[in-house]
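Chemist: Fold the following, please.
(4 chains)
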Number of protein chains: 2
Amino acid sequence: MPATPRHTSRARVEAKESSILDAAERIFAQAGFDGAKVSDIARAASVAEGTVYLYYKNKQDLLAGVVGRFWTQLTQGAEAAIESDATTKEQLEQLGRYHLNSILEQFEVVSLTYRARPQQEQDLDQVREYVRVFDRIMQRGVDRSELPKGIPIGQLRDVFFGTLEFSARTLKLRERPYDHSVVTNLLAIMVGSSDAASGASKGKEPSNRELMNTLKSIQKQLKTSGN
Amino acid sequence: MPATPRHTSRARVEAKESSILDAAERIFAQAGFDGAKVSDIARAASVAEGTVYLYYKNKQDLLAGVVGRFWTQLTQGAEAAIESDATTKEQLEQLGRYHLNSILEQFEVVSLTYRARPQQEQDLDQVREYVRVFDRIMQRGVDRSELPKGIPIGQLRDVFFGTLEFSARTLKLRERPYDHSVVTNLLAIMVGSSDAASGASKGKEPSNRELMNTLKSIQKQLKTSGN
DNA sequence: CATTTAAACTGAGTTAAATTCATTATACGG
DNA sequence: CCGTATAATGAATTTAACTCAGTTTAAATG
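Modeler: Down below sits the predicted model:
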């Protein structure tokens, strides 16, 4: 927070701030929060150690800056990745694909998120902003009645992001690359069939309830026509 | 790691080790990893600061001790919470209830888990041991054909634990207590209907495949009897 | 262009907390 | 009881975050 620069151009100040963030992200990702020395970050950003503290109150605050920027960028990317005229399920698949891919690619930064203030703090409004992308998709889905299950959106959000995050950890652990079946299967259980695992599925499959109704009407017909 | 005590009774040494762990857990949970001073932990355990380092290589290692013990206890509790003669779905519900409840109650310790070495390290074998409880339930379910979906167990594990962990965070954030509908709804999408949200559901609903077969046989019958 | 001055920057110095280790205490076998 | 291996202690050391008095920079002014 370099106050309100009256003499120096804002652009220059912001360039420096972002170069510090770049360096911090690099070093944090490499060495972890504890392993990263502020002096290293300063050197990587070509500024004196004290300069870092002109922009960020302390190391924690610097981390919050790195993490906050990451989630803000993720929000922008997510919005770009979603086609506004797609069905709810397609949009969820787009978001799921984008999310899993991103957190795999920037796994270290995502992990740093958990170091940015023990939970609930207001520090990470950017994360909250990000999940709204999901909420908007779901709300539209509800409005258009494109969502079967009667599970509250808030709970489905935890299913969605919780599953993808744990899946990412598992993939990282096993040193596996992005696996689209994770997204496919997640959506299968969240919004409806579409044959899990294999991923191939032509057309919408009817719900159990729909089949059941058809079945009953046929049975009735059979009885009526006296077999 | 107090070497191999030859002179002093093992019991005494273990008592001291566990009293250090108790103190550490208390202080860590209270102040967080960074906020906790080793000197405070030592005082709380009524030992000198240096003594802590006889038992644990450093502060990180002490944290790993606390976290490891927590997950070991969780594993024991989980095994006790599951009735061996219940159906797969019932067992999953028992585990789900137990898990969500436990991580809500000991939320701070769970959060500390993420400070114990950046992912994948072998540090937390105890966590891996814990998830095996889930794997065993699922494997038995597959053997007994009590599980419909064709999603790999590994992926369902991420759905299960990922969802419950994120749900716990959400509940904590909103300062809400344990909510059983989270477990109910999770199981509904994981292993089968049982009418979400409300939780009430009488009788097992037939699977798509079963319905489809019935449907086909009726159609055949219709054709044969020449409508 | 020289001057003024406030914003930016610097890095040596301060401080706090983790970790070490020389010293002391304890407990057990003989 | 004594000798000795184990355990415990806490003062000293080390490390790295953070501060701040002094220096540099750059824009506004005449």
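Chemist: neighbouring contacts of the helix or strand in which A:Phe134 is found?
Modeler: When secondary structure is defined by DSSP states H and E, A:Phe134 falls within helix A:125-143. Outside of helix A:125-143, the residues within contact range by CB atoms under 8 Å, 6 or more residues apart in numbering or on different chains are A:67-72, A:74-75, A:78-79, A:82, A:88, A:91-92, A:95, A:113, A:147, A:153, A:156-157, A:160-161, A:191. To be clear about C-beta, it is placed using only N, CA and C from the backbone, and glycine gets the same treatment.
Chemist: Output those of those residues also counted as contacts of chain B.
Modeler: Filtering the contacts of helix A:125-143 for proximity to chain B (criterion: CB under 8 Å from any CB of the partner chain) leaves A:Arg157, A:Phe161.
Chemist: Stretch A:17-32 and DNA strand C in contact?
Modeler: No. With CB under 7 Å from any atom of the strand as the criterion, DNA strand C is not reached by stretch A:17-32; the gap is at least 8.3 Å.
Chemist: domains for chain A, by residue range?
Modeler: For chain A, the structural domains run A:1-56, A:63-213, going by automatic domain parsing.
Chemist: Buried deepest among those, which one?
Modeler: With neighbours defined as mean count of other CB atoms under 10 Å in any protein chain shown, the domains of chain A peak in mean count at domain A:63-213, which reaches a mean of 17.
Chemist: how about low-confidence regions in chain A?
Modeler: A:1-10, A:118-122, A:193-227 (pLDDT under 70).
Chemist: Which stretches in it count as helices?
Modeler: Counting by DSSP state H, the segments of chain A that form helices are A:10-35, A:38-44, A:49-55, A:59-81, A:88-105, A:107-112, A:125-143, A:153-173, A:180-191, A:208-224.
Chemist: any chance of those in a markdown table, with distance to B:Tyr53 too?
Modeler: Below are those laid out as a markdown table (distance: least, CB to CB, whole Å):
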| stretch | distance to B:Tyr53 |
| --- | --- |
| helix A:10-35 | 18 |
| helix A:38-44 | 26 |
| helix A:49-55 | 30 |
| helix A:59-81 | 25 |
| helix A:88-105 | 37 |
| helix A:107-112 | 28 |
| helix A:125-143 | 37 |
| helix A:153-173 | 31 |
| helix A:180-191 | 43 |
| helix A:208-224 | 61 |
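Chemist: Out of those, which gets nearest to B:Ser19?
Modeler: Evaluated with CB to CB, the helices of chain A place helix A:10-35 nearest to B:Ser19, the distance being 26.5 Å.
Chemist: by contact count, what packs against the closest one?
Modeler: Under the contact definition 3 or more CB pairs under 8 Å, 6 or more residues apart in numbering or on different chains; DSSP states H and E, helix A:10-35 sits against helix A:38-44, helix A:49-55, helix A:59-81, helix A:107-112.
Chemist: In a markdown table: those helices, plus distance to A:Arg136.
Modeler: Listed next are the helices and strands packed on helix A:10-35 as a markdown table, based on distance: least, CB to CB, whole Å:
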| stretch | distance to A:Arg136 |
| --- | --- |
| helix A:38-44 | 36 |
| helix A:49-55 | 33 |
| helix A:59-81 | 9 |
| helix A:107-112 | 22 |
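Chemist: Columns distance to DNA strand C on top of the ones you listed, output as CSV?
Modeler: Rendered in CSV, the data for the helices and strands packed on helix A:10-35 read as follows (distance: least, CB to the nearest atom of the strand, whole Å):
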stretch, distance to DNA strand C
helix A:38-44, 7
helix A:49-55, 2
helix A:59-81, 13
helix A:107-112, 20
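Chemist: Do I have it right that A:Leu92 meets A:Gly192?
Modeler: No. With contact taken as CB atoms under 8 Å, A:Leu92 and A:Gly192 are classed as non-touching, separated by 10.8 Å.
Chemist: how about the nearest residue to the residue nearest in space to the middle of chain A, chain neighbours excluded?
Modeler: Taking CA atoms, centre = their mean, the centroid of chain A lies closest to A:His99, which sits 4.3 Å from it. Spatial nearest neighbour of A:His99, chain neighbours left out: A:Leu164 (5.4 Å); criterion: CB to CB, 6 or more residues apart in numbering or on different chains.
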